[in-house]
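[1] need a structure here:
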Amino acid sequence: MQYPDADVRILDQRLDGDLHSALEAFAPDVVGITAYTVHVNTVRRLFDSVKRWNPNVLTVVGGHHATVAPRDFRSPSIDLTVVGEGVQPLRQIVRHRQRGIPFRGIPGVVTAGDDAFVPVDETVAGDLDALPAPARRLTAEHRSRYFCDWLRPLASIRTSKGCPYRCRFCALWKLTGGRYLTRSPERVVHELAGIAEENVFFADDESLIDAQRMKTLAALIGESGIRKRYFLYGRSDTIARHPDLLEAWRKIGLTRVFVGLEFFRDEDLAYVHKRSTTTDNEAAVAILRDLDIDIYASLMLRPEFERRDFRALRRYCRTLGLDYPSFAVLTPLPGTELYAEVKDDLLTHDYDYFDFIHTLLPTHTTLKEFYQHYAWLLNTALSPRQKVSFLRKFPIGELGPILTRSVRIQRRVRNAWKDYD
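    Model (predicted):
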């Protein structure tokens with residue numbers, strides 16, 4: 001994001017948690033923070049700290065949760081909330097601040113204490129090619145520390161936005177009105193050529209939906225001579241229908257695919273309106289394995305799961321030979337169809353619990369039993385051979401911290417039931 005008349009700094013608090021020192025050193029006029037649902041309380045506290053440091057700083061919040069539930073950021077410490085794509089609104093906010101112009105009326109911006117705002121021009125917001133290239137120099141001090149498992153350092157690029165599907169647990173499709181917006185393959189290749197990192201993550205909501213576009217992009221990357229390793233999202237049914245597309249991407253460097261398998265039973269997939277099947281899941285896994293592409297498989301746990309369901313899910317992972325499965329509790333996030341249906345039944349509305357570990361809905365077993373089964377699944381989904389194979393991917397010096405983190409996660413899950421007290 002370019003601001004020719006402004007000095008910009010990005011503070012990545014995952015890596016540098018010293019907000020006060022950053023404020024003192026940089027002395028900003030405007031502070032903006034982005035937030036997912038689980039970050040709402042944290043972001044509100046951060047803005048409180050900013051205002052205590054200097055009440056005259058203009059505070060702006062944006063991101064996914066601000067778009068689906070802007071009222072949750074009503075706070076004396078938050079001046080403006082950006083709804084939707086934030087690039088152009090934030091530019092206008094900065095210009096208005098520089099010129100002393102009121103902020104009311106900027107498309108997509110909600111002012112403090114006011115729910116009314118001017119909608120963003122969808123024609124403009126939908127043109128991803130019109131967005132400026134990211135100023136990667138702003139994260140230069142942190143870039144060597146961005147990673148996903150053994151893919152490090154890891155850069156990211158966005159080539160599309162939105163999703164045409166209507167999964168009940170997801171609100172991403174609503175952010176674009178159900179449209180699937182894309183950048184031109186030529187512009188993507190141009191940006192890739194300027195990325196220094198060897199590993200690149202495609203930060204799309206779903207990368208492979210437009211198969212013809214992705215075939216064109218793969219061909220252009222191959223012709224350009226760019227040599228990198230890629231990690232992207234793909235639906236299992238898309239992969240099952242287009243094995244040739246995955247083969248083309250494997251040839252230019254695709255090494256890992258994040259696949260939302262979601263469930264091991266068709267009735268559960270139908271419950272969330274996934275519109276894929278367990279047959280699709282099995283076909284996608286087979287295709288990716290034949291191409292020697294790592295499968296990062298995402299699976300969900302329904303609060304209704306009992307001992308036999310956790311056992312069945314473990315068998316499913318072992319049968320498919322999933323080397324990198326992840327397990328998250330089905331979470332009704334604000335903005336989703338699922339949330340609208342069950343919000344009155346939630347165990348808590350505290351956003352700190354919307355972390356995909358804590359169940360927000362009553363379980364069929366006791367909470368203690370549910371989390372004992374959950375921790376057992378984490379510990380046994382991989383065979384001993386798979387665990388050894390996974391650890392061999394990392395440098396020897398990193399094995400200690402990885403094992404420590406794994407034990408800590410399992411302990412956290414096993415004891416999560418205690419948090420509800």
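
[2] When you work out contacts or count neighbours from here on, use the C-alpha atoms and nothing else.
    Noted.

[3] What ranges does the protein have for its strands?
    Using DSSP state E, the strands of the chain run over 30-34, 58-62, 80-82, 109-111, 154-157, 160-161, 181-182, 199-202, 229-233, 254-262, 294-301, 324-329.

[4] Turn these into TSV, including distance to Phe147 and mean neighbour count.
    As requested, the strands of the chain are exported to TSV (distance: least, C-alpha to C-alpha, whole Å; neighbours: other C-alpha atoms under 10 Å):
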stretch	distance to Phe147	mean neighbour count
strand 30-34	20	16
strand 58-62	24	23
strand 80-82	28	27
strand 109-111	33	26
strand 154-157	5	20
strand 160-161	21	22
strand 181-182	25	18
strand 199-202	9	21
strand 229-233	11	21
strand 254-262	13	22
strand 294-301	15	20
strand 324-329	16	17
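
[5] now the ones you listed as a markdown table including mean pLDDT and distance to Leu175?
    Shown next, in a markdown table, are the strands of the chain (pLDDT from 0 to 100; distance: least, C-alpha to C-alpha, whole Å):
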| stretch | mean pLDDT | distance to Leu175 |
| --- | --- | --- |
| strand 30-34 | 97 | 15 |
| strand 58-62 | 98 | 13 |
| strand 80-82 | 96 | 13 |
| strand 109-111 | 93 | 15 |
| strand 154-157 | 97 | 19 |
| strand 160-161 | 95 | 9 |
| strand 181-182 | 96 | 11 |
| strand 199-202 | 98 | 18 |
| strand 229-233 | 97 | 18 |
| strand 254-262 | 98 | 20 |
| strand 294-301 | 98 | 22 |
| strand 324-329 | 97 | 23 |
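
[6] now the ones you listed as TSV including distance to Ala312?
    Converted to TSV, those look like this (distance: least, C-alpha to C-alpha, whole Å):
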stretch	distance to Ala312
strand 30-34	38
strand 58-62	40
strand 80-82	44
strand 109-111	47
strand 154-157	35
strand 160-161	35
strand 181-182	38
strand 199-202	32
strand 229-233	26
strand 254-262	14
strand 294-301	12
strand 324-329	14
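
[7] Of all those, which one comes closest to Ala22?
    Ala22 lies closest to strand 30-34 among the strands of the chain, at 11.2 Å (C-alpha to C-alpha).

[8] That closest one: partners in the sheet, and parallel or antiparallel?
    Paired strands of strand 30-34, with direction, are strand 58-62 (parallel) (DSSP bridges).

[9] Output the strand it pairs with as PDB, restricted to C-alpha atoms.
    In PDB, the C-alpha atoms belonging to strand 58-62 read as follows (Å, rounded to 0.1, in the frame of the first residue of the first chain):
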ATOM      1  CA  LEU A  58      -6.800   8.800  15.100                       C
ATOM      2  CA  THR A  59      -7.600   5.200  15.600                       C
ATOM      3  CA  VAL A  60      -9.000   3.000  12.700                       C
ATOM      4  CA  VAL A  61     -10.000  -0.600  12.800                       C
ATOM      5  CA  GLY A  62     -10.700  -2.800   9.800                       C
END
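
[10] For it, which outside residues touch it?
    For strand 58-62, the surrounding residues in contact (C-alpha atoms under 8 Å, 6 or more residues apart in numbering) are 29-35, 47, 73, 77-84, 86.

[11] can you check stretch 179-187 too?
    Outside of stretch 179-187, the residues within contact range by C-alpha under 8 Å, 6+ apart are 126-129, 159-164, 173, 213-214, 216-217, 220.

[12] Report the distance from that stretch to the chain centre.
    The chain centroid and the centroid of stretch 179-187 are separated by 19 Å under C-alpha atoms, centre = their mean, to the nearest Å.
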